[in-house]
Structure formats: structure tokens, C-alpha cells
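A.B. asks: Everything below, folded, please.
(one chain, ligands or ions: 1)
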Amino acid sequence: MTSATNQPHVVIVGAGLGGLQAARRLKRANVRVTVVDRGTSHLFQPLLYQCATGLLSEGAISSPIRHLLKRQRNAHVVLGEAEALDAQERTLTVCRPDESTMEIGYDYLVVAVGMRTAYHGNDEFAQFAPGMKTLDDALAIRRRIIGAFEVAESIPDAESRREWLTFAVSGGGPTGVEIAGQIRELATLALEHEFRTIDPSEARVLLLHGGDRVLPSFSPKLSRRAQHILDELGVETHLGVHVTDVTAEDVETTTKAEPKQVVRYPTRTTLWTAGVEAVPFAGVVARALGVEQGRGGRIPVEADLSVAGHPDVWVVGDMSSRDNLPGVAEVAMQGGRHAGAVIAHLADGGTDRAPFKYRDFGSAAYIARRHAVVESGKLDLYGYLGWVAWGVIHIAFLAGMRNRLGTVLNWSATLLTDSRRERAITFGDPETARQPYR
Ligand SMILES: Cc1cc2nc3c(=O)[nH]c(=O)nc-3n(C[C@H](O)[C@H](O)[C@H](O)COP(=O)(O)OP(=O)(O)OC[C@H]3O[C@@H](n4cnc5c(N)ncnc54)[C@H](O)[C@@H]3O)c2cc1C
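C.D. replies: Okay, here's the model as predicted:
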């Protein structure tokens, strides 16, 4: 890609929450912007579990990157996966979907490629226990959950039926709690009266968590509230347990207290929400810039979010590591905006770099309808109030008015009728189409 003007060229890798904000912050800056992403859509990950359980469509939680940037005349979009970086030549190599490559020169580079699911040295679990980071993950999980009820309906043997109606979720952080609660709500409300042989409300949902309380990033009081609602929903929580094996037919755990005591739960559906690690491109960036990756493969950054010794490269969002900031949406969005602001200033001839200051607005997790927890400074919200606050926050963060309105309509319809209409399952890769529920 060659330069058509003398304006500095800013390349942003990743159009997630951090990358999109960086691009938008550069709208009026004296620069050209190229946004590279391996997908065509900007995804709002915090609602992935609602897509996986048939509440929202994939279109409701994602927006085409080109559409989001169509009024930003200085922005170009490239579909492709960044796979190599030459920091001396300031060149990024991108692999297009047809596997051809292109080189893109930059004056400033912003890397915002996020994280992926971590199996902590047990990558063989991935084939049986999908994580939840991408749209593909959400659709694969939907296929397994909906498929499990369908298979159970036509199986005469009661024990096998029970296996198909058992769902194990590994990890009791926000995503694990949210998906576990949603499976119970799907089973008890949305699927009621739809099956003739099975009673979907008998679905057993196991929440397997290594810590001593769910939602460990929230206060103990909100954890207890969340646990109480999970108990009421019928989620079976096991604390202090490690998942030591996952197969197509069961999940194995040991307890921290008695490591030799092995328990196997027969289940056909295991989901994995127990950790994240940097995507492979983080390793490419670290090697090219000569820095050591930190916790989970994150890249350490300076006060202005640029990389030490490389004042022309910024790393923002989940993949960057500074002051133990959490991997949450606000950190990514504010970080993206900050990198954009510093670059705009430099492009205007500025030389100083403002440090990044994170404003913590708090965190929120959905437990069940009319129940969510929100923690912001000294303010703790739970129950109905927490649920309303959670809804407002998530609608405000969704990209695009159409998605916001559509989501509010969908939530309202679900509340009024208990139904979930986004339950279509796809068969994914034709290679695996013969085993759509695996
Ligand atoms: C299931 C789930 C629920 C969550 N819930 C909440 C919540 O309730 N509240 C909250 O604050 N946070 C939540 N988060 C965290 C929040 O979504 C992340 O902190 C945020 O998305 C991080 O933004 P990012 O820009 O760093 O990465 P991402 O948003 O992950 O974006 C990364 C982008 O980079 C692209 N990419 C990756 N590799 C390449 C490559 N090599 N080349 C080109 N493009 C590439 C990807 O396609 C993607 O578009 C949740 C996350 C998940 C997964």
C-alpha cells in the first residue's frame, strides 16, 4: 500500500472495542488511517452469551466495520490477518482471506488485537469445550446447547438423555455466571411446552469454579447475591474445583482440598470460560519490538500506552499490560481513544505525550432476568436496580443505533413472552457438518 498524500499514515490492527475508538478519535486528525481486522464486523463481546443462548442474533451484537467508518473520510478498511511486523522498515504484513499477502507501511501503529480463550496447557480440551471470544464461538455454543435438547428429545434411554441434558460451564467469572444462568433460563422459560418427550426444565447446569466464590472480581457481598440468584435459578455451583479432563462424554474435576478425589460428570456439553491469553500476533509484536510478554502474553506499555523504545507503536486494550488494569471494555475504549489523541497531537507537530489515565466507571454482570450486579466505586447495585443499570450500560456501549433499538425490542419481547427466537443453528465447517452438535 503506497502513500497518496504526505499525511502520516496510522495503521490500526484490530477493530474491536479499543481499535475502533482509536480510529474514531483520529477522524479530524491530519492523518490517513487504515484499519486492519481479520473479520468484517466490530463485535460487542459482552453480549456474546446472549447470542449463544438464542436471545440476540449475531447481527445485533456486531456491526460492519466499513459501515461504522463510512463517514470517516480519512479511514480505509482492510480485511485480513496481521501476521508479521518489521519495526525497522515500519511495515506490517497482512494475510488476506484468499491467503495472498500485502504489506502496509505505517508512520504510527496501534495494535488492539485482544485476547483468546486459554486452556492453560490443556489445548486438547478446546475441541470438546469451546470458549467464548468470537462470533464463531457463540454460534458453536448455540449449536451445542440447542442441539443437546434436540438430541435428548429423541433418545429413549433415560441415562443418555440425562447426559445430553447436563451442561458444564468451567469458570465462575462474569462470562461463566452469565452463560450458566442463561442456559437455565432458556431451559425453564423459552423451551417450555416445545418438547414432547423431555422436560427441558430438568436440564442440569454445573458451574465449576476454582475459587471460593463466583464473580471474584466483585465485592464478597455482590458475589453472595449472585450466588443466591444462581441457586434460585437451579444452577449447581461447585467451588474450589479444578477441571482436569474434558471428553466428548464427560468432564473430570478434582477439588483443591482433596486433589486425589476425582469426580466425573457425564455431560455432552462443556463450555470453557476459565481464562484468556494473548492472540498469536502478540508474540509476533513482542519479537519484532524486542520486548518480553507479560502475564498471559500481554505486551507491557509505557505511560502513554506506547511500547518502550518504539515511540511509534501503541498497544491498547486487553493485550496491553500496565498497572494491572483489568481486561474490560472501558479500559480498551479509553485506551484506544488515548492512543488516537496522542497520535493526533504528534501529527499536529506536538512533541509531548500525555500519560493515560483510566477512569474506572465500575463493572457489571448479568445473572438472570431482573437480577444483575453492578459495582461502581462505593456504589453496589443488585437485583432489579442492578438489572436496569446493567441494561442501560450495555445499550450505551453497543455500536450503532439500529443495534441498540433492535436489542431493546428483543429484550422487551423476551421479557413479555419468555420466548427466544434467535435459535437457528448453522453447521459451520462442511468437514464437521456430519457432527453438528460436537
Ligand atoms: C464473553 C465476554 C464477555 C465480556 N463481558 C464484559 C463486560 O460485561 N464488561 C466489560 O467491561 N468487558 C467485558 N468483556 C471484555 C471486553 O469485551 C474486552 O475487554 C474488550 O473487547 C477488549 O477490547 P480489545 O480492543 O482489546 O479487543 P477485542 O474487542 O477483542 O478486539 C480485537 C479485534 O482484533 C481482531 N484481531 C485479532 N487478531 C488479529 C490479527 N492478527 N489481525 C487482524 N485483526 C485481528 C479481532 O478480530 C477483533 O476484532 C467481555 C469479554 C468477553 C469475551
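
A.B. asks: CA only for contacts and neighbour counts going forward, please
C.D. replies: Will do.

A.B. asks: Residue numbers of this structure in contact with the ligand?
C.D. replies: Contact residues (CA under 6 Å from any ligand atom) of the chain with the ligand: 13-19, 36-39, 42, 45-46, 48, 80-83, 112-115, 132-133, 175, 281, 317-319, 327-330, 332, 364-365.

A.B. asks: Give me the ChimeraX select line for the residues you listed, limited to the buried ones.
C.D. replies: Per 16 or more other CA atoms under 10 Å, the buried members of the residues of the chain next to the ligand correspond to this ChimeraX selection:
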select :13,14,15,16,17,18,19,36,37,38,39,42,45,46,48,80,81,82,112,113,114,115,132,133,175,281,317,318,319,327,329,330,332,364,365
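
A.B. asks: Of the residues of the chain next to the ligand, which belong to helices?
C.D. replies: When DSSP state H is applied, the residues of the chain next to the ligand are split such that 17-19, 48, 175, 281, 329-330, 332 fall in helices.

A.B. asks: which regions of the stretch 1-150 of the chain sit below the pLDDT cut-off?
C.D. replies: 1-4 (pLDDT under 70).

A.B. asks: quick one, helices of it?
C.D. replies: Remark: helices assigned in the stretch 1-150 of the chain by DSSP state H, counting those that start in this stretch are 17-25, 48-52, 65-68, 135-153.

A.B. asks: now for the ones you listed, which one comes closest to His209?
C.D. replies: Taking CA to CA, helix 48-52 is the member of the helices of the stretch 1-150 of the chain nearest to His209, at 17.9 Å.

A.B. asks: So which other helices or strands are in contact with that closest one?
C.D. replies: Secondary-structure packing of helix 48-52 (3 or more CA pairs under 8 Å, 6 or more residues apart in numbering; DSSP states H and E): helix 135-153, helix 174-185.

A.B. asks: hang on, the earlier thing: which two from the ones in helices among the residues of the chain next to the ligand end up farthest apart in space?
C.D. replies: Farthest pair in those, by CA to CA: Thr175 and Phe281, 24.2 Å.

A.B. asks: would you list every one of the strands in the stretch 151-300 of the chain?
C.D. replies: With DSSP state E, counting those that start in this stretch, the ranges of strands along the stretch 151-300 of the chain come out as 166-170, 204-209, 235-239, 241-246, 250-255, 262-266, 269-272, 276-278, 299-300.

A.B. asks: Packing partners of the second one?
C.D. replies: Applying 3+ CA pairs under 8 Å, 6+ apart, one finds that strand 204-209 contacts strand 166-170, helix 174-185, strand 235-239, strand 241-246.

A.B. asks: just to revisit the earlier point, as CSV, the strands of the stretch 151-300 of the chain with mean pLDDT and distance to Ala308 would be great.
C.D. replies: Shown next, in CSV, are the strands of the stretch 151-300 of the chain (pLDDT from 0 to 100; distance: least, CA to CA, whole Å):
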stretch, mean pLDDT, distance to Ala308
strand 166-170, 98, 37
strand 204-209, 98, 37
strand 235-239, 97, 41
strand 241-246, 95, 38
strand 250-255, 95, 42
strand 262-266, 96, 47
strand 269-272, 97, 34
strand 276-278, 95, 19
strand 299-300, 96, 8
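
A.B. asks: In a markdown table: the ones you listed, plus mean neighbour count.
C.D. replies: Converted to a markdown table, the strands of the stretch 151-300 of the chain look like this (neighbours: other CA atoms under 10 Å):
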| stretch | mean neighbour count |
| --- | --- |
| strand 166-170 | 26 |
| strand 204-209 | 24 |
| strand 235-239 | 20 |
| strand 241-246 | 20 |
| strand 250-255 | 20 |
| strand 262-266 | 16 |
| strand 269-272 | 26 |
| strand 276-278 | 21 |
| strand 299-300 | 22 |
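
A.B. asks: what about the nearest residue to Ile61 once chain neighbours are set aside, neighbour count?
C.D. replies: Distances taken as CA to CA, 6 or more residues apart in numbering place Phe44 nearest to Ile61, at 5.4 Å, with adjacent residues excluded. Phe44: 22 surrounding residues under other CA atoms under 10 Å.

A.B. asks: same question, the one 10 residues further on
C.D. replies: Residue crowding around Gly54 was assessed by other CA under 10 Å; the count is 26.

A.B. asks: Wait, it touches Arg144, no?
C.D. replies: No: using CA atoms under 8 Å, Gly54 makes no contact with Arg144, being 11.7 Å away.

A.B. asks: how far away is Thr351 from the ligand?
C.D. replies: 26 Å (CA to the nearest ligand atom, to the nearest Å).

A.B. asks: looking at the helices and strands packed on strand 204-209, which is closest to Ala413?
C.D. replies: helix 174-185 (14.8 Å).

A.B. asks: re earlier: pick the most buried one from the helices and strands packed on helix 48-52.
C.D. replies: Per residue and on average, the most neighbours among those fall to helix 174-185, with a mean of 25 (mean count of other CA atoms under 10 Å).

A.B. asks: which helices and strands does that one pack with?
C.D. replies: With 3+ CA pairs under 8 Å, 6+ apart as the test, helix 174-185 has helix 48-52, strand 166-170, strand 204-209, helix 220-233, strand 235-239, strand 363-368 packed against it.

A.B. asks: Indicate which one of those is closest to Ala424.
C.D. replies: helix 48-52 (10.4 Å).

A.B. asks: distance between the closest one and the chain's centre?
C.D. replies: 10 Å (CA atoms, centre = their mean, to the nearest Å).

A.B. asks: Tell me the confidence at Pro430?
C.D. replies: In this model, Pro430 is scored at 56, pLDDT.

A.B. asks: hang on, I meant Pro436
C.D. replies: Confidence score, pLDDT, at Pro436: 52.

A.B. asks: Asp37 contacts Gly80, correct?
C.D. replies: Yes: between Asp37 and Gly80 there is a contact at 5.7 Å, judged by CA under 8 Å.

A.B. asks: And Asn122, how close does it get to the ligand?
C.D. replies: 19 Å.
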